[in-house]
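Q: I need the structure of the sequence given here:
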Amino acid sequence: MSPANPANDPAQPFTMTEVGSDDGLNSSNDPFNNAKMEREYLEFMTRGRTPRHAYLVEPSGDPGFKAPTGDPSRGTSGGFSTGKGVGPYTLAPGESVR
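A: Now for the predicted structure:
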């Protein structure tokens, strides 16, 4: 894949996940800390497609959604952030994937 190739590649790696907003890797972000950036990539970008938050809270699905008993915070204090990613792409300055 490249910016010049508009073809859709269903086999392209992608991530759709949630990330704990107070998790250790979400604090003190530093794009110049190569070791931390590598850990962020390995932990976040390679997760693939994880179960949706609603199903993690209420695994029974529709019955649980109608009469919820699970804790939406899942024991965390900071909530969740979405994590989405595609790639890898090799892009030159000014190029983008559409």
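Q: for this protein, what helix or strand is lowest in average pLDDT?
A: Lowest by mean pLDDT, DSSP states H and E among the helices and strands of the chain is strand 80-86, with a mean of 83.
Q: Return that strand as CSV; C-alpha atoms alone will do.
A: Extracted in CSV, the C-alpha atoms of strand 80-86 (Å, rounded to 0.1, in the frame of the first residue of the first chain):
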residue,chain,number,x,y,z
PHE,A,80,-11.4,4.9,28.5
SER,A,81,-10.0,6.4,25.2
THR,A,82,-10.5,4.9,21.8
GLY,A,83,-7.6,3.4,20.0
LYS,A,84,-7.7,3.1,16.2
GLY,A,85,-4.9,2.5,13.9
VAL,A,86,-4.0,1.3,10.4
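Q: Show me which residues of it are buried.
A: Neighbour-count burial for strand 80-86 flags F80 (criterion: 16 or more other CB atoms under 10 Å). For the C-beta atoms, the positions are set from N, CA and C on the backbone; glycine is no exception.
Q: Which other helices and strands does that strand contact?
A: strand 14-20 (3 or more CB pairs under 8 Å, 6 or more residues apart in numbering; DSSP states H and E).
Q: ok, then the element right after the strand it packs on?
A: Following strand 14-20 in sequence order, the next helix or strand is helix 34-40 (DSSP states H and E).
Q: Could I get the CA-only coordinates of that following helix as CSV?
A: The C-alpha trace of helix 34-40 is given here as CSV (Å, rounded to 0.1, in the frame of the first residue of the first chain):
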residue,chain,number,x,y,z
ASN,A,34,12.1,5.8,21.6
ALA,A,35,11.8,3.1,24.2
LYS,A,36,8.4,4.3,25.4
MET,A,37,7.2,4.9,21.8
GLU,A,38,8.1,1.4,21.0
ARG,A,39,6.2,0.0,24.0
GLU,A,40,3.2,2.2,23.0
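Q: Flag every buried residue along whichever helix or strand comes after it.
A: Downstream of helix 34-40, the next assigned helix or strand under DSSP H and E is helix 53-57. By neighbour count with 16+ other CB under 10 Å, helix 53-57 contains the buried residues V57.
Q: gap between helix 53-57 and the chain center?
A: Here helix 53-57 shows a centroid-to-chain-centroid distance of 15 Å under the convention CA atoms, centre = their mean, to the nearest Å.
Q: Fine by me, thanks again.
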